[in-house]
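K.L.:
Below is the sequence, then the predicted model.
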Number of protein chains: 2
Amino acid sequence: MIKIFTVLYCLFISIGLNAQTDEAILKNIYNTSLTNGKSYEWLNHLSNQIGSRLSGSLGAERAVAYTKEELEKLGLDKVWLQPVMVPRWVRGAKEYAYIETTPGKTNTINICALGGSVATPALGIKANIVEVKNFEELEALGKANIEGKIVFYNRPMQPDVMNTHDAYSEANNQRKKGAEEASKYGAVAVIVRSLNLRLDDLPHTGNMSYGDLPLEKRIPAAAISTNDAEVLSTMLQLDKNIKLYFKQNCKQLADVQSYNVIGEITGSQFPDEYMVVGGHLDSWDLGDGSHDDGAGVVQSMDVLRLLKEIGIKPKRSIRVVLFMNEENGKRGGIKYAEDAKTKKENHVFALESDSGGFTPRGFSFDCSDAQFNKITQWKPLFEPYMVHYFEKGGSGADIDYLKNNTNVLVGLFPDSQRYFDYHHAGNDTFDAINKRELELGAATMTALVYLFDKYGVK
Amino acid sequence: MIKIFTVLYCLFISIGLNAQTDEAILKNIYNTSLTNGKSYEWLNHLSNQIGSRLSGSLGAERAVAYTKEELEKLGLDKVWLQPVMVPRWVRGAKEYAYIETTPGKTNTINICALGGSVATPALGIKANIVEVKNFEELEALGKANIEGKIVFYNRPMQPDVMNTHDAYSEANNQRKKGAEEASKYGAVAVIVRSLNLRLDDLPHTGNMSYGDLPLEKRIPAAAISTNDAEVLSTMLQLDKNIKLYFKQNCKQLADVQSYNVIGEITGSQFPDEYMVVGGHLDSWDLGDGSHDDGAGVVQSMDVLRLLKEIGIKPKRSIRVVLFMNEENGKRGGIKYAEDAKTKKENHVFALESDSGGFTPRGFSFDCSDAQFNKITQWKPLFEPYMVHYFEKGGSGADIDYLKNNTNVLVGLFPDSQRYFDYHHAGNDTFDAINKRELELGAATMTALVYLFDKYGVK
């Protein structure tokens, strides 16, 4: 008897949903997320009970266990862990740095080691400083002016760029390749202006690489807060002979076992067509990674929960993938794509949220023009929610490895103005999250997944 | 000689600007605001050096002097004060409230007097509580169930509304008319759930009115934080006989002299056509009014500064008007419109920023359909700045008095998701302001003023 009622009930739900317009279903998605979303509660736990989740850390391990457990509660068709070996870099004791104007007269500044950097010698490094804005200035100065010194990269993010991610892209070669380049001219260390559009006291970490430099050529690299970068620059203009001292204690340890966390609703009509929605589970270690990318993790989880909650039974298989190690290795994204290739899984769509939990403004689509034109026809459905921005562009660092000639990759595009105030810094914490903004993002992702699943876009 | 150069230079600037496309001028406006804006610096002073600016307070007086002085530095054609008498309501000593479950067992809660409320008796009020969601429930309960009790209005703002201002409008009759209505049934006081979409511990003040109630019928009205509203409601479900005690010390004093602050760039071709850009200088007393409406004040000032900075010489007269007393009387707005009428000034356009200093999303236009259609043609110019929202609707509380059949009134529409987290509460402070978001708002206002001045819209 119960079974008959269940069947009838499902039939009713199903007929009910088919009869509803897309407008009504999107309204249902947004209303449900705003009144009965789980994103904020999940993020509270992830941020405040678990905290930072750098690859290989206890936090990352606990985040894997927690999100798997929460996905299992949702009654998905499958939930599993995908093993992936990840690098393990540890910061060690807090960094310490000062500017020395005359011997004994020092001025403490705020720095942090860049991810992947080597430590300084145990007693630290003290040297004169040479300030540059870019690699061209470095080359022009040459070995004669750089050898034995600390190179100070001080090119600010451009303020007059609307999409702050573009300003980030323009400035981040200083952080990513600054040490490698400066080492070639005999620098003993590099200090990089934090990639932050705001003037404040927080150093922002982030990944860096030594490229092919041999071990003995690898020099310590640290970020300096924007306020201190301004101070240091001014002091250097007053006196070129001042020195900078810093000490950092970071270390690259052996790779450790970790996991991507995956959950799936198997498709009712096209179970072999996969749609992925995801974010990355790892974070940097200074804050608790609420915006980067706790937000993307919980929003992605909520996409599958909202579909179930509303009674949408997808035709295609929808997977939530919580990628490990986006920040310093991308091993999770690479592993997921490799496995998909090995198993010949047809991934027709992937959507990543990795730009913070702010008010959603739209999406960035990596697909063909024909596909983009079809998708753009859905834009009016998003207008009541003020999600107007549909542009061609990049998608997400983890899903990028799934790219082929036929699929559609998408990045959620939230308002970007505040993102770099928090990005990779100690203030990327739960209090910087607005519940409604987070929930609107989850709803926006769910709406796109619903439409793509319903109509398909070849 | 200097004069000739000046003339040639002005000619050059003028030719230069005419030769530039609107796209280029808008780009110049946004870039200048983001790299060389004054809004943030002005707001820092207004918020952190002056602080709250309730009508009739010392803060309001100092804000008048400061903004006048700053406008005078800009080299406008005229700067003046427009006298206006304003009401003076003072909070007095901080409020105190608790829930009493059994005699002697109390639970302190966070409340604040609503603006315009009378005080409690010196020893406070203690009474049983009756919870309602709206005036219909009040009526259904009737005098028998209400007399001698404290009415607790507890209808939350609706979370599933995209524009949070709509949710505010739906809920705010509890605050505005709650005391007047409850008094009719013999209530001894009212406690109103704060108009806040978030659950937190901050009570949100705001104006209320007793309508035509005689003095002896005026009962004290206070706001309770959303967290405490939830607690109180739960406790009432457990035990209808609990009591609420509160004490507040507010007082309505005699009206005092205050001012609107006005600056003008006189139009080169149509000096008798006035365009107003403004915000309100007064604020509530709990925070420092950074979002409400310090942001609107400094953005409006920056519109005139940016026009001058970029070398735009308007055809029409552009006035910045910093209105006094929007929060509890609207006397500044009324006075400005009365004077304009007396002097037969033709106000063709007015733009108010009074919805916080968040990322601008567009404008709300109060004008004819024909005018709206013309203005909508400018929308593509705003698209690079993601200011897509052009809708017909209300404008601003102060400029609304200028409404006639031919002019265009406009409200800046910033992202609204976070606004009511701060609105009229103790956390409406400078640290909740993002510099870029504030500057984007100023640029967006400047761009619309530039286009309207250039093309006119009859």
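P.N.:
It's in.
K.L.:
C-alpha only now, for contacts and for neighbours.
P.N.:
Noted.
K.L.:
now check the helix or strand containing A:N31, is it near chain B?
P.N.:
Here A:N31 sits within helix A:22-36, counting by DSSP states H and E. Yes - contact of helix A:22-36 with chain B (CA under 8 Å from any CA of the partner chain) involves A:Y30, A:N31, A:L34, A:T35.
K.L.:
For that helix, C-alpha coordinates in CSV please.
P.N.:
Taking Å, rounded to 0.1, in the frame of the first residue of the first chain, the C-alpha atoms of helix A:22-36 are listed here in CSV:
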residue,chain,number,x,y,z
ASP,A,22,10.9,26.7,-16.5
GLU,A,23,10.1,30.1,-14.9
ALA,A,24,8.2,28.4,-12.1
ILE,A,25,10.9,25.8,-11.6
LEU,A,26,13.6,28.4,-11.4
LYS,A,27,11.5,30.3,-8.9
ASN,A,28,11.1,27.1,-6.9
ILE,A,29,14.9,26.6,-6.9
TYR,A,30,15.7,30.1,-5.8
ASN,A,31,13.0,30.2,-3.1
THR,A,32,14.0,26.8,-1.8
SER,A,33,17.7,27.8,-1.6
LEU,A,34,16.8,31.1,0.2
THR,A,35,14.4,29.6,2.7
ASN,A,36,15.7,26.0,3.1
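K.L.:
I'd like to know which elements it is packed against.
P.N.:
Identification of packing neighbours for helix A:22-36 by 3 or more CA pairs under 8 Å, 6 or more residues apart in numbering or on different chains; DSSP states H and E yields helix A:295-310, helix A:379-382, helix A:435-455.
K.L.:
Below-threshold pLDDT in chain A: ranges please.
P.N.:
Residue ranges of chain A with pLDDT under 70: A:1-19.
K.L.:
Please work out which residue of the stretch 251-400 of chain A is closest to chain B.
P.N.:
Going by CA to the nearest CA, chain B is nearest to A:Y385 of the stretch 251-400 of chain A, at 6.4 Å.
K.L.:
Now do the same contact list for the residue lying closest to that residue once chain neighbours are set aside.
P.N.:
The shortest distance from A:Y385 to any non-neighbouring residue, by CA to CA, 6 or more residues apart in numbering or on different chains, is to B:M162 (6.4 Å). By CA atoms under 8 Å, 6 or more residues apart in numbering or on different chains, B:M162 lies in contact with A:P384, A:Y385, B:Q417.
K.L.:
which SS state does the first one fall under?
P.N.:
Read that as A:P384. helix (DSSP: H, G, I helix; E, B strand; the rest coil).
K.L.:
Contacts only, for it.
P.N.:
B:M162.
K.L.:
Tell me if A:W80 really is in a helix.
P.N.:
No - looking at A:W80 with three-state DSSP, it is strand, so not inside a helix.
K.L.:
tally of neighbours for it?
P.N.:
Other residues near A:W80 number 15, with proximity taken as other CA atoms under 10 Å in any protein chain shown.
K.L.:
for it, which residues make a bridge with it?
P.N.:
Counting by DSSP bridges, A:W80 forms beta bridges with A:I262.
K.L.:
Isn't it up against A:Y259?
P.N.:
No - A:W80 lies out of contact with A:Y259 (CA atoms under 8 Å); the separation is 9.4 Å.
K.L.:
gap between the closest residue to chain B within the stretch 101-250 of chain A and A:K105?
P.N.:
Here the stretch 101-250 of chain A gets closest to chain B at one residue, A:D160, 5.0 Å apart by CA to the nearest CA. For A:D160, the distance to A:K105 equals 38 Å [CA to CA, to the nearest Å].
K.L.:
Neighbour count for these two, which is higher?
P.N.:
A:D160 (18 against 9).
K.L.:
which residues does the more buried one contact?
P.N.:
Here A:D160 is in contact with B:Y30, B:N31, B:L34, B:T35 (criterion: CA under 8 Å, 6+ apart).
K.L.:
filter the residues you listed to the buried ones?
P.N.:
Buried by 16 or more other CA atoms under 10 Å in any protein chain shown: B:Y30, B:N31, B:L34, out of the contacts of A:D160.
K.L.:
What parts of the stretch 251-400 of chain A come near chain B?
P.N.:
Near chain B, when you scan the stretch 251-400 of chain A using CA under 8 Å from any CA, you find A:T359, A:P384, A:Y385, A:M386, A:H388, A:Y389.
K.L.:
which of those tops the neighbour count?
P.N.:
A:T359 (26 neighbours).
K.L.:
Surely that one is in contact with A:D415?
P.N.:
Yes - with contact defined as CA under 8 Å, A:T359 counts as touching A:D415 (5.6 Å).
K.L.:
Please parse chain A into its domains.
P.N.:
A:14-89+A:254-455, A:92-249 (automatic domain parsing).
K.L.:
what's the spacing between the first one and its chain's center?
P.N.:
In other words, domain A:14-89+A:254-455. 11 Å (CA atoms, centre = their mean, to the nearest Å).
K.L.:
got it, and the shortest one?
P.N.:
Distance of domain A:92-249 from the chain centroid (CA atoms, centre = their mean) equals 23 Å.
K.L.:
what's the first-to-last distance across that domain?
P.N.:
Domain A:92-249 has an end-to-end distance of 5 Å (CA to CA).
K.L.:
What are the boundaries of the strands in the stretch 1-150 of chain A?
P.N.:
A:78-90, A:96-102, A:105-108, A:111-113, A:125-132, A:150-153 (DSSP state E, counting those that start in this stretch).
K.L.:
Name the stretch among these that sits most buried.
P.N.:
strand A:111-113 (a mean of 31; mean count of other CA atoms under 10 Å in any protein chain shown).
K.L.:
hmm, back to that, from the contacts of B:M162, pick the one nearest B:R218.
P.N.:
Comparing these against B:R218 with CA to CA places B:Q417 closest, at 34.6 Å.
K.L.:
quick check, that closest one in a strand?
P.N.:
No - counting by three-state DSSP, B:Q417 is not found in a strand; it is coil.
K.L.:
quick one: it from B:I312, how far?
P.N.:
To B:I312, B:Q417 is 34 Å away according to CA to CA.
K.L.:
Name the residues linked to A:V277 by a beta bridge.
P.N.:
A:V320, A:L351.
K.L.:
Test my guess that it contacts A:D302.
P.N.:
No - between A:V277 and A:D302 there is no contact under CA under 8 Å: 10.0 Å.
K.L.:
on that earlier part again, Throw the domains of chain A into a markdown table and include distance to B:W284, thanks.
P.N.:
Formatted as a markdown table, the domains of chain A follow (distance: least, CA to CA, whole Å):
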| stretch | distance to B:W284 |
| --- | --- |
| domain A:14-89+A:254-455 | 23 |
| domain A:92-249 | 28 |
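K.L.:
quick one: which of the ones you listed is nearest B:G59?
P.N.:
domain A:92-249 (27.9 Å).
K.L.:
quick one: contacts for the closest residue to A:G394 other than its chain neighbours?
P.N.:
Counting by CA to CA, 6+ apart, A:D366 is the residue found nearest to A:G394 once chain neighbours are left out, at 5.5 Å. A:D366 makes contact with A:K392, A:G393, A:G394, A:S395, A:V408, A:L409, A:V410 under the criterion CA under 8 Å, 6+ apart.
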